[in-house]
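[1] for reference, the sequence and a predicted model appear below.
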Amino acid sequence: MNRAIEFTRRNIRRTPFQALAASMVMFLTFLALQIFVIMAAGSQEALRYFESKPQVIAFFKEGTTNQDVSLIETALHQETRVTSTQFVSKEAALEIYRERNKNDPALLELVTANILPASLEISTQTPQDLQPIAEILKREPVISEVIVPQDVVQTLTSFTKVIRVTGGTIVGFLMVFATLVILMIIGFKIRLKRNEIEIMRLLGASPNFIRTPFILEGIFYGVTGAILTWAITYAGLWYFQPFLQGYIGEVKFLPVNPLFMMALLGGSLILACFVGGIGSFAAVRRYLKI
């Protein structure tokens, strides 16, 4: 094996530009793959976050008593579709309003607790339970308005599906393209070394000894591209974390869990060995007649 590795290293050094081209193709392939995986994981985390938030908000009319609120909460707790309820008083609503608009003092000047309605926030088991619970609340005489932010969850669900389909298609195409590039480069090298291979055969080298360096070379290109992509992606996530966190808001996806990134690296390396190995093995089967 040591001699095979030495032959592999020598083959790469003799054709640096071909090695660079193969590594760059694998880099772009795994860059698309890792960005797709991170985006899919982030959108799934955002979907879980919004599904766990209070999804139905019922605003009470002026003069609603605590007894009225308690009766509605008791009735909702008997619904199996409801997971939790939270009452937001006028004072609590004012604190939330101030926190959200703390950077715009003009919006805080004339707002008091008296002009903000009390509300009840209700979480449900699934997004499909939102509308039935909203219909129940609309029949209550002490409730003035019911807001169902169902579009947010539905839009995010559709966005997640689009990411999976589009990303999967692009990554699949790039994987096939990278495999073909490895096949062509290794095949070209086999043709260049046909005299050297013939001499090795005459000296008694086994077929496996001749094949192994070419297969290891294809795996090397894949592993190099995967590791380089992972390092740049991880560094980019850390560098742009403040900007990205401001963009995704309260969704707690950043900083990315190191275990997730290590799993991403492990999966990328396995896939890199597979793609590089398949491409080089196909080249050996096609062009190396021994």
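    Perfect, thanks for sending it. Numbers count the residues shown, from 1 in each chain.
[2] so after the host helix or strand of Q154, what's the next helix or strand?
    Per DSSP states H and E, Q154 falls inside helix 150-192. Remark: after helix 150-192, the chain's next helix or strand is helix 194-202, criterion DSSP H and E.
[3] where do the strands of the stretch 1-150 of the chain begin and end?
    For the stretch 1-150 of the chain, the strands defined by DSSP state E, counting those that start in this stretch cover 56-60, 82-88, 119-124, 143-147.
[4] with mean neighbour count and distance to A226 added, can I get those strands in TSV?
    In this view, the C-beta of every residue, glycine as well, is placed from N, C-alpha and C. Listed next are the strands of the stretch 1-150 of the chain as TSV, based on neighbours: other CB atoms under 10 Å; distance: least, CB to CB, whole Å:
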stretch	mean neighbour count	distance to A226
strand 56-60	22	45
strand 82-88	16	41
strand 119-124	22	41
strand 143-147	16	46
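[5] need the three-state assignment for F243.
    Taken by DSSP: H, G, I helix; E, B strand; the rest coil, the conformation at F243 corresponds to helix.
[6] distance check, it against G236.
    11 Å (CB to CB, to the nearest Å).
[7] the two - which one has more neighbours?
    Ranked by neighbour count (other CB atoms under 10 Å), F243 and G236 place G236 first, with 12 against 8.
[8] what angle do the strand or helix carrying the more buried one and helix 150-192 make?
    Per DSSP H and E, G236 falls inside helix 207-239. Between the axes of helix 207-239 and helix 150-192, defined by axes from the mean of the first three to the mean of the last three CA atoms, to 10 degrees, the angle is 150 degrees.
[9] what angle separates helix 207-239 from helix 194-202?
    Going by the same axes, to 10 degrees, helix 207-239 makes 130 degrees with helix 194-202.
[10] just checking, what packs against helix 207-239?
    helix 2-14, helix 16-52, helix 150-192, helix 194-202, helix 258-287 (3 or more CB pairs under 8 Å, 6 or more residues apart in numbering; DSSP states H and E).
[11] and the residue nearest the centre of this structure?
    For the chain, the residue lying nearest the average C-alpha position, counting by CA atoms, centre = their mean, turns out to be I38 (2.5 Å).
[12] beta partners of the closest residue to T83 other than its chain neighbours?
    Closest residue to T83 apart from its sequence neighbours, by CB to CB, 6 or more residues apart in numbering: S123 at 4.6 Å. Applying DSSP bridges to S123 gives these bridge partners: S84.
[13] hang on, S123 packs against Y49?
    No - S123 is beyond contact range of Y49, at 12.0 Å (criterion: CB atoms under 8 Å).
[14] wait, L228 sits on M24?
    No - counting by CB under 8 Å, L228 does not reach M24; the two are 9.4 Å apart.
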